[in-house]
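J.: Predicted model follows, preceded by the sequence.
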Amino acid sequence: MSQELIRAGGPAGLDPRPTGTGRDRGTTGIIALAVMATVAAALLAAAFGPAAAYGFVGGAFAVVLLVTSALYPVFATYAYLITLPIIAGIDRDTLLPLVRPNEGLLAVVVAGAVLGAYLRAVRGDEIRPRFYPLIDVPLAVFLLASTLWPLASLTLRGMIPTSDEWAAILPMAKLVGIYFLVRYTITTEQRILRTIRFIVWPGAVVALIAVLQTLKFGPVLALLDTFWNTGANAADIQDLSERGSATLGSPIAAGDVIIISLVLVMCCGARGLLGRRERLLLAVLLGTGVFAAGQFSTWIATAVAFTLLAWRFPDLRRQARRFAPLALVALAIGAPAFIGRLSGIGENGSFLPEPEQGRLDNLRYLYLPHFNWLTTLIGVSPNEVLQAPERWREVIYLESGVLYFLWVGGIPLLAAFIWLSVRTLRSVKPALAHPGPFGAAASALDIVWRFLLVLTLIDPHLQLRGTGDLIFTLMGIVATGLDQRGLANERRGLPSFMIGKPRRAREPVERAEAHPPPEESDQIPRRPATQPA
């Protein structure tokens, strides 16, 4: 005889056994797929060896990234930024054939985002890319001058581009791809703040690794030597602790990522963004990493950035005395690299440290002889790396920012970079006083681009791993924000078809940003609150 169970407080006949929800079925499906993928990888490893298993796992992971980026395009930006400082320093052919891991990841997530946009357009959704001529036009000219023009200059001289020269034009094209990915995915204040966190926290991780590296922490040195100290001119493990190259494989690149992250934290702090303890922890880690990077260019950038911060934000200037002890702590922890870098001054009868003297010799004897009136005008080669004549090193890198532009694209490329710089700094002015995350990104871009111009007189920084990625990310955020808010402060000098119809000023911008509309990807629907009886 069956007995009917009745749930307490519920109607009769209601089965009390829990029924599966959509979320439970989804979790079960994910677990089942993971188990089947593990079994398949094990069978492939047993039949064909570990390489087949690694290839299968990598392919499955790429498919997951592709599908997720197609469903949620903003995931493509987040996934790239949060992993950028960690995997960008891994050399080609170390984990993936022919490309760096961050380049492979970017190709997959961008392909997924583009596929998702295409499928939405086929479905009938309105997808209308915005064109912001104040930055997009000089950026397009800069892209052409750094990619197609160097190859054309070779053909004008009767030479055929090599595979290395074709590969040398890809970094600038990658930066423009990042710019447009950010432009069409980071469109709200919440996403901007989340993007800032995905920049500064990985930057803090890089700073911590750089500090442990200069303090000769054995496990960190062993890990860096395994994955990040590879390729041409790899350092000996004993010399790896001299400067904080961290997971970017370059002290200059690590220093740039750290100082850009520190500027973002300071700009957020001036607006009361991020938590107080969060800002304090980030500032200590990043400030310590500035010294641990052991690079004169990083210290010059820090001096320029803090001068601009003190000038733009009087509140930060008044709070400087309170945080002076923390600066002393950061200096004490990062002292080994700082002192080691200064100790080389005056050796061999020169006022320059040995690395800087070697850089000057490279420019004088290996690069400058290639310049004449023709190559200065149209460029020498898209590939700035030369084969070393000595046995103790394999390749030589061009370490001069101005000469880099002249070497790659001649005067047209240098002029295009100057035009892009002027337009960027002029366009960002109306956003500097904005109180939210958009204003913090705009202030950071203004400061970062200014010290980029100073550093370009010494080193090429824009094409470094991590540096250009973060700068073009900030540029994409600011261009989208300016376009959304109608803050264009300059329309003169452009053809009428580029200007378009004037957009109506959005009167309740501040009110809309204070209470933004809910989005499917940013907010979870909440149950309405019950009124008390």
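T.: Nice, thanks for sending it over. Numbering: from 1, shown residues only.
J.: Break down the stretch 101-250 of the chain into its helices, ranges please.
T.: For the stretch 101-250 of the chain, helices defined by DSSP state H, counting those that start in this stretch occupy the ranges 101-123, 133-146, 148-156, 163-168, 170-183, 189-214, 218-227.
J.: can you list those in CSV and add mean pLDDT and mean neighbour count?
T.: (Glycine included, C-beta is placed from N, CA and C.) Below are these laid out as CSV (pLDDT from 0 to 100; neighbours: other C-beta atoms under 10 Å):
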stretch, mean pLDDT, mean neighbour count
helix 101-123, 89, 17
helix 133-146, 93, 21
helix 148-156, 92, 17
helix 163-168, 87, 14
helix 170-183, 92, 20
helix 189-214, 92, 23
helix 218-227, 81, 15
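J.: Nearest approach to residue 389 belongs to which of these?
T.: Closest to residue 389 of the helices of the stretch 101-250 of the chain, according to C-beta to C-beta: helix 163-168, at 17.8 Å.
J.: ok, back up a step: so which of the helices of the stretch 101-250 of the chain is nearest residue 244?
T.: Nearest of the helices of the stretch 101-250 of the chain to residue 244, taken as C-beta to C-beta: helix 189-214 at 2.7 Å.
J.: on that earlier part again, so which of the helices of the stretch 101-250 of the chain is nearest residue 444?
T.: helix 189-214 (8.4 Å).
J.: who does that closest one touch, helix- and strand-wise?
T.: helix 73-87, helix 218-227, helix 251-270, helix 276-292, helix 335-342, helix 437-456, helix 467-485 (3 or more C-beta pairs under 8 Å, 6 or more residues apart in numbering; DSSP states H and E).
J.: after the shortest one comes which helix or strand?
T.: Right, helix 335-342. With elements assigned by DSSP states H and E, the helix or strand that comes after helix 335-342 is helix 354-362.
J.: So which elements touch the next helix or strand after that following helix?
T.: Scanning forward in sequence from helix 354-362 by DSSP H and E, the next helix or strand is helix 373-378. When contacts are defined as 3+ C-beta pairs under 8 Å, 6+ apart, helix 373-378 packs onto helix 148-156, helix 401-427.
J.: Adding distance to residue 278, write the ones you listed out as TSV.
T.: Converted to TSV, the helices and strands packed on helix 373-378 look like this (distance: least, C-beta to C-beta, whole Å):
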stretch	distance to residue 278
helix 148-156	43
helix 401-427	29
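J.: Point out the most buried one among those helices.
T.: The highest mean neighbour count among the helices and strands packed on helix 373-378, using mean count of other C-beta atoms under 10 Å, belongs to helix 401-427: a mean of 20.
J.: quick one, that one and helix 467-485 angle?
T.: 20 degrees (axes from the mean of the first three to the mean of the last three C-alpha atoms, to 10 degrees).
J.: Let's test this: mean pLDDT of helix 401-427, rounded?
T.: Across helix 401-427, pLDDT averages out at 93.
J.: which secondary structure elements does it contact?
T.: Counting contacts by 3+ C-beta pairs under 8 Å, 6+ apart, helix 401-427 is packed against helix 133-146, helix 148-156, helix 373-378, helix 437-456, helix 467-485.
J.: Residues in contact with stretch 405-424: which ones?
T.: In this structure, residues lying in contact with stretch 405-424 by C-beta atoms under 8 Å, 6 or more residues apart in numbering are 134-135, 137-139, 141-142, 144-146, 149-150, 153, 168, 367, 370-371, 375-382, 384, 398, 402, 445, 449, 453, 456, 460, 462, 475.
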